[in-house]
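> Take a look and give me a structure for this.
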Amino acid sequence: MKHGSISLAMIVKDAAKTLDRCLSSVRHYVGQIVVVDTGSQDATVDIARSHGALIVHFPWQNDFSRARNESLRHTAGDWVLILDADEELPPETARSLRKLAGTPDIQAWTFIIVSPVSADEDSPKTEHLSLRMFRNNSSYRFEGKIHEQIKPSILREDAGAAIRHSDLTIMHHGYVADSKGRRDKTLRNISILKEVLADQPEDPFANYNLGVSYFVLGDLENSQRHYETALERLDPHAGFAAALYRNYCICLLEMGEYLRALQLADKGLSFFPDYPDLYFVKGQIFWDLGMLPQAKASFLKCTRFRRTPPEYTTTQGVTGHLAFENLAAVYAHAGNPRAALDWLRLALKEQPGSQRLLSKLRHLLQELNQKGDEISETASADLSLHRQGLRDSLAAYQESPANELHALCALEQLAVQCREFVLSGLDTEKNNAELQRELFRLTSLRKKIQRLKRLILEP
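Take a look at the predicted model:
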């Protein structure tokens with residue numbers, strides 16, 4: 001193979017639905033494709049072979065590192081690129097691979113993995129950093145039965161090894177919540193992580209990843225339990241430490257444990273003051289509590305970051321359109337629709353095709369006594385939006401049907417009324433600390449009622 005050549009190394013099983021997309025995005029930019037198949041029963045092997053891949057059959061042993069390292073044994077290039085079957089390279093990333101391989105004195109490159117959480121184009125996308133390209137060195141091998149890492153072996157070989165961020169992305173489609181295979185993969189991950197914890201029950205990284213897996217399943221109590229175990233034994237310098245604070249806060253927010261979530265966010269910010277996601281989750285907590293000035297301050301803080309540092313797991317938009325959208329909600333709720341409209345316009349400039357934002361725009365413009373063509377004209381003039389797209393959004397709007405869960409709905413309404421009474425007294429009563437505790441309690445109760453309603457309504 002040529003100097004600076006690249007070998008793609010993959011492990012796959014029953015990946016016929018996604019493998020062609022992955023290999024089509026990369027095949028013209030690598031000199032070799034090595035596919036280790038761990039027991040596919042579908043057309044995976046045939047698809048890989050059609051792209052010129054070297055096929056290696058390797059029995060699955062409940063250990064990702066073993067399979068990864070088997071793929072490395074067959075690579076012949078100067079560099080190795082790691083991809084999963086549910087990933088693909090954007091054109092810019094694919095075109096840049098050879099330039100990365102030609103950079104002297106660099107041992108490895110990291111990439112941003114972009115993961116949509118739903119097939120809906122309007123859905124949030126998460127980002128995390130991952131080391132995916134490294135020099136082909138027999139001493140570089142993966143470690144860990146699951147969530148395997150190669151960086152430790154690179155640094156053992158040379159503590160000063162140059163590992164650089166490429167500032168390039170890899171698209172990952174495996175986190176899509178409505179993906180049929182995600183639940184099965186999550187259950188598989190939990191099974192392997194339990195094996196790890198059987199030998200190392202207090203391992204913080206394994207407990208963190210088990211917390212993530214349980215959260216994906218909607219098992220918030222088990223997620224909280226493992227996040228807490230990870231936190232108790234956490235080295236704040238660990239690579240996953242910032243993500244643990246973020247994800248644990250989100251779990252507590254979903255549970256309605258607002259006081260603990262705020263305490264944890266503040267502790268996380270003491271270690272990672274440049275992490276906008278922690279300010280964002282604080283804004284969400286204050287919004288849920290009805291504490292609008294504090295919510296506004298938190299979301300404004302997010303907008304003062306130009307970008308999230310690449311080493312942090314993040315949700316796309318927390319420093320931009322998501323923060324703008326939430327500030328619009330804060331101002332609208334405070335009775336200032338014109339200020340809300342200004343923030344919503346900023347959000348739409350970043351996300352001009354968002355049906356969710358278009359729907360909110362309609363409501364704001366109606367509050368300002370604009371209807372029909374006036375709404376369309378305002379949107380088109382100020383935001384360069386397509387008139388027909390906005391009209392389609394208006395036509396698609398439907399009110400949510402009422403459900404029959406009378407008892408829970410009545411209890412929720414009572415909690416809301418009590419909460420509003422407490423909020424009205426926060427600025428007038430001297431004993432604000434007691435009222436704040438009651439506000440946290442009532443808002444948490446409402447959140448838990450909403451969770452119960454969702455569980456009952458699930459098919």
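
> Contacts only, for the closest residue in space to residue 283 that isn't next to it in sequence.
Excluding the flanking residues, the one nearest residue 283 by CB to CB, 6 or more residues apart in numbering is residue 298, at 3.4 Å. C-beta here means a position set from N, CA and C on the backbone, and glycine is covered the same way. With contacts defined as CB atoms under 8 Å, 6 or more residues apart in numbering, residue 298 is in contact with 279, 280, 282, 283, 286.

> Then residue 76?
Going by CB under 8 Å, 6+ apart, residue 76 touches 1, 5, 7, 31, 32, 136.

> Just the buried ones from these?
Buried members of those, scored by 16 or more other CB atoms under 10 Å, are 5, 7, 31, 32, 136.

> Switch those over to a markdown table; also include secondary structure.
Below are those laid out as a markdown table (DSSP: H, G, I helix; E, B strand; the rest coil):
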| residue | secondary structure |
| --- | --- |
| 5 | coil |
| 7 | strand |
| 31 | coil |
| 32 | strand |
| 136 | coil |
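
> from the residues you listed, which two are the most distant?
Between any two of these, the greatest separation by CB to CB is 11.4 Å, found for 31 and 136.

> quick one: common contacting residues for the two?
Common neighbours of residue 31 and residue 136 (CB under 8 Å, 6+ apart) are 7, 76, 77.

> what bridges to the first one?
With DSSP bridges applied, the residues forming beta bridges to residue 7 are residue 32, residue 80.

> My guess is residue 139 contacts residue 153. True?
Yes: counting by CB atoms under 8 Å, residue 153 is a contact partner of residue 139 at 6.4 Å.

> between these two, which one's more packed in?
Per other CB atoms under 10 Å, whichever of residue 139 and residue 153 has more neighbours is residue 153, with 16 against 9.

> which residues sit in contact with the more buried one?
139, 140, 141, 142, 143.

> For the residue lying closest to residue 168 once chain neighbours are set aside, the count of nearby residues, please.
Closest residue in space to residue 168, ignoring its immediate chain neighbours: residue 93 at 4.3 Å, by CB to CB, 6+ apart. By other CB under 10 Å, the residues close to residue 93 number 22.

> which ones are touching the residue positioned nearest the centre of the chain?
Centre of the chain computed as the mean C-alpha position; nearest residue by CA atoms, centre = their mean is residue 126, 2.8 Å away. By CB under 8 Å, 6+ apart, the residues touching residue 126 are 114, 115, 117, 175, 313, 314, 315, 316.

> PyMOL command to pick out the buried ones of those residues?
Only the buried entries of the contacts of residue 126 go into this PyMOL selection, using 16+ other CB under 10 Å:
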select buried, resi 114+115+175+313+314+315+316
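
> Reformat the contacts of residue 126 as CSV; add pLDDT.
Below are the contacts of residue 126 laid out as CSV (pLDDT from 0 to 100):
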residue, pLDDT
114, 97
115, 95
117, 86
175, 79
313, 98
314, 98
315, 97
316, 96
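
> Which two of the contacts of residue 126 have the greatest separation?
175 and 314 (13.9 Å).
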